[in-house]
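Colleague: Predicted structure and sequence below. I'll ask about it afterward.
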Amino acid sequence: MARLVINGSAPLKGVVRLGGAKNSSFKLMVAALLCAGETRLLNFSRIAEVALVEAMIKALGGKVREAGERTLFINAKELLSSTLPESLGAASRASTMLIAPLLARTGKAIVPLPGGDKIGVRPLERHFEGLKAMGVSLEVKNNHVFASTAGLTGTTYRFAKNSHTGTETMIMAAVLASGETVLENAALEPEVDDLIELLSAMGARIKRLPDRQIKITGVNVLKPVIHKVMPDRNEAVSYAIAAAVTGGDVIVENAKREHLEAFLEKFSEAGAGYELGDYGIRFFSKKTLAAVDITTAPHPGFMTDWGPLWTILSTQSIGVSKIVETVFTQRFQYVSDLKTMGAKIDWFDPKPKNPEEFYNFNLSDDKPEYHHGISVTGPTQLTGGEFTINDIRAGATLALAGLAASGQTILTGLEHIDRGYEDFAGRLLTLGARIERIN
């Protein structure tokens, strides 16, 4: 079993360069199936999620190959199957996104329900109801989705609640549909814009409108293109917080301010430093950290993936920080491990006036034992321990805790970190961390 061994209290200093965003890379790979030709993706990351989607594409009859540094060639001239093997669905949420290109290219799709991080129920009905409105016959049975259509047709569809993946799925379904599709209450995330940029270069007609609307006018065919994947903003935040909690100074190449506005505002408010340059963003420790409250929200709000990472900053800040999670029902599974390390964390439940509007998850999926708020009292000296990781961001969070802690921290379950971070231990090592991965 692979282990990550971390000996803390070393300041991180140096430069790290971001690869392609995990939450963009694998979706762009899926989108490449809409084109019966060879699309080239530049700046992709060598992460497990990319490798898994590569296996999915090959299982459907597409061809994938690497050629040069960080370049992926995807040729979907022929799709020989509309059925994705069940063995490829359990570890990723990419499986249901394949429905759109399979319907557009073959008229049918059979895919297993998605896996991925166990941080709460994923509201797939936001995707499925939209597809049904476009003329898709869709049924879920035996842990699979069975979908078919005589032809995708444009529609006007409003998401009851914001859906990042749902917006992307509907965009991919609409680009080759007949007529016009208007998506209302659509997601604003940069990764959605990255998908729009790729599809527009292929010849799709997509336009963002005010008030979270997207208009897509269907075309008959898309052409292959070359596209550079946007940098990973979650990685950028991970290294930023690592620098702040270790008293370090780290330059994150390729980091973009427009992707990180909500984080940079809070980072500065907490007393940490950053500088913008044409190289990216420099993050550094400059004085004592102060407690700051955050509430996660869909973009342009404070991203849900940043909440666990921010908890580590809160443990090293003076005062009480309140962290409220509104996107997933079970995001706080890492808290018990941090408390074992000595973090002073208490649960609380927010009392919003309108829970239906305040929370982006379905209230029907909530349970009394799922807390949605924590208060963190700092600063606290963390102490190392042994833990098993259960999702990507919890893994990065425990690794950052180990960097800030005294003593040794040992982490297992590294397959979760590998899904979203390329050579996480190796990159931290080059920044001066006392860290070793033992396979």
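Modeller: Okay, I see it.
Colleague: Pull up the pairing partners for the helix or strand containing G319, direction included.
Modeller: Using DSSP states H and E, G319 maps to strand 319-324. If you go by DSSP bridges, strand 319-324 pairs up with strand 294-295 (parallel), strand 373-378 (antiparallel).
Colleague: Need phi/psi at L313.
Modeller: Dihedral angles phi and psi of L313 (degrees, to the nearest 10) take the values phi -60, psi -40.
Colleague: which residue packs closest to it, ignoring adjacent ones?
Modeller: I241 (5.2 Å; CB to CB, 6 or more residues apart in numbering). Bear in mind the C-beta positions are built from the backbone N, C-alpha and C, glycine included.
Colleague: same check, this time on S238
Modeller: S238's closest residue in space is A396 (CB to CB, 6+ apart), at 5.1 Å.
Colleague: how about low-confidence regions in this protein?
Modeller: 90-91, 115-122 (pLDDT under 70).
Colleague: Which segments of it make up each domain?
Modeller: The chain breaks down by automatic domain parsing into domains covering 3-18+231-438, 22-228.
Colleague: gap between the first one and the chain center?
Modeller: Which is domain 3-18+231-438. 14 Å (CA atoms, centre = their mean, to the nearest Å).
Colleague: Quick one: the helices in the stretch 101-250 of the chain, in order.
Modeller: 125-133, 164-174, 190-202, 233-245 (DSSP state H, counting those that start in this stretch).
Colleague: residues in contact with the residue nearest to L313?
Modeller: Counting by CB atoms under 8 Å, 6 or more residues apart in numbering, I241 makes contact with 309-310, 312-313, 400.
Colleague: what do you get for K13?
Modeller: Contacts of K13 by CB under 8 Å, 6+ apart are 248-250, 431-432.
Colleague: Quick check: it vs F284, distance?
Modeller: Relative to F284, K13 is positioned 9 Å away (criterion: CB to CB, to the nearest Å).
Colleague: Repeat that for K22.
Modeller: 25 Å.
Colleague: which one of those two has more residues nearby?
Modeller: K22 (26 against 18; other CB atoms under 10 Å).
Colleague: Check which residues of stretch 33-40 are buried.
Modeller: Residues of stretch 33-40 classed as buried by neighbour count (16 or more other CB atoms under 10 Å): 33-35, 38-40.
Colleague: Just put those residues in CSV and tack on distance to K215 and secondary structure.
Modeller: As requested, these are exported to CSV (distance: CB to CB, whole Å; DSSP: H, G, I helix; E, B strand; the rest coil):
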residue, distance to K215, secondary structure
L33, 23, helix
L34, 18, helix
C35, 21, coil
E38, 29, strand
T39, 24, strand
R40, 28, strand
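Colleague: Let me know the closest of those residues to E356.
Modeller: L34 (34.8 Å; CB to CB).
Colleague: Can you give the contact residues for the strand holding G319?
Modeller: 290-296, 307, 310-311, 314, 348, 350, 372-378.
Colleague: for the following helix or strand past it, packing partners?
Modeller: Counting by DSSP H and E, the next helix or strand C-terminal to strand 319-324 is helix 335-340. Counting contacts by 3 or more CB pairs under 8 Å, 6 or more residues apart in numbering; DSSP states H and E, helix 335-340 is packed against helix 306-315, strand 344-348, helix 392-404.
Colleague: Can I get the first one as CSV, trimmed to CA atoms?
Modeller: Coordinates of the C-alpha atoms in helix 306-315 are reproduced here as CSV (Å, rounded to 0.1, in the frame of the first residue of the first chain):
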residue,chain,number,x,y,z
TRP,A,306,-11.2,25.4,-1.2
GLY,A,307,-13.1,25.0,2.0
PRO,A,308,-11.2,22.0,3.4
LEU,A,309,-7.9,23.6,2.5
TRP,A,310,-8.9,26.9,4.2
THR,A,311,-9.6,24.9,7.4
ILE,A,312,-5.8,24.4,7.7
LEU,A,313,-5.2,28.1,7.4
SER,A,314,-7.8,28.6,10.1
THR,A,315,-6.0,26.3,12.5
